[in-house]
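**Student:** sequence first, predicted model second:
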Amino acid sequence: MSIVASTEDFRELAHRRLPPFLFEYIDGGSYSETTLGRNLSDLREVQLRQRVLRDIGTLDPSTELFGRKMALPVALAPIGLAGMNARRGEVQA
């Protein structure tokens with residue numbers, strides 16, 4: 001098994017392991033995939049700068065969402081088909 005070190009590595013691993021119809025469903029976009037193309041183009045423009053050995057004792061990931069304070073805002077997109085990707089996928093999500 002190869003080491004997954006990037007999103008493209010993860011995509012290639014999924015391409016090798018999943019049935020073609022399922023990979024195409026997950027990997028593709030709707031209609032002419034215009035929005036998918038624009039999203040990918042925009043994400044290529046994002047540059048992250050790695051910072052190591054930094055004091056993170058004062059970081060606060062909380063935010064207010066819909067009038068409620070959330071300590072760690074995490075949201076899942078629709079996961080109804082997650083069971084097709086992995087056994088008990090909805091439960092794992």
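**Tutor:** Alright, I've got the coordinates. Worth saying up front: this structure is predicted, and the values here are computed from it rather than measured. Numbers count the residues shown, from 1 in each chain.

**Student:** could you use CA atoms for every contact and neighbour count after this?
**Tutor:** Noted.

**Student:** tell me how far residue 31 lies from residue 89.
**Tutor:** The gap separating residue 31 from residue 89 is 27 Å, by CA to CA, to the nearest Å.

**Student:** typed the wrong thing, it's residue 29
**Tutor:** According to CA to CA, residue 29 and residue 89 sit 21 Å apart.

**Student:** cool, residue 60 as well?
**Tutor:** For residue 60, the distance to residue 89 - CA to CA - is 30 Å.

**Student:** with residue 14 instead?
**Tutor:** Taking CA to CA, one finds residue 14 at 15 Å from residue 89.

**Student:** returning to what we had before: ok, residue 31 and residue 89, which is more surrounded?
**Tutor:** Ranked by neighbour count (other CA atoms under 10 Å), residue 31 and residue 89 place residue 89 first, with 14 against 8.

**Student:** what helices and strands are in contact with the helix or strand bottoming out on mean pLDDT in the chain?
**Tutor:** Least confident helix or strand of the chain, by mean pLDDT, DSSP states H and E, is helix 82-85 with a mean of 79. Packing contacts for helix 82-85, counted by 3 or more CA pairs under 8 Å, 6 or more residues apart in numbering; DSSP states H and E, involve helix 89-92.

**Student:** at 10 Å what do you get?
**Tutor:** Secondary-structure packing of helix 82-85 (3 or more CA pairs under 10 Å, 6 or more residues apart in numbering; DSSP states H and E): helix 20-27, helix 89-92.

**Student:** centre of the chain to the last one, how far?
**Tutor:** Centroid separation for helix 89-92 versus its chain: 15 Å, with CA atoms, centre = their mean, to the nearest Å.

**Student:** list of residues touching it?
**Tutor:** By CA atoms under 10 Å, 6 or more residues apart in numbering, the list of residues contacting helix 89-92 from outside reads 78-84, 86.

**Student:** tabulate these (JSON lines), appending distance to residue 70 and neighbour count.
**Tutor:** Output for these, formatted as JSON lines (distance: CA to CA, whole Å; neighbours: other CA atoms under 10 Å):
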{"residue": "78", "distance to residue 70": "20", "neighbour count": "8"}
{"residue": "79", "distance to residue 70": "21", "neighbour count": "11"}
{"residue": "80", "distance to residue 70": "24", "neighbour count": "9"}
{"residue": "81", "distance to residue 70": "27", "neighbour count": "12"}
{"residue": "82", "distance to residue 70": "25", "neighbour count": "15"}
{"residue": "83", "distance to residue 70": "28", "neighbour count": "14"}
{"residue": "84", "distance to residue 70": "31", "neighbour count": "13"}
{"residue": "86", "distance to residue 70": "29", "neighbour count": "12"}
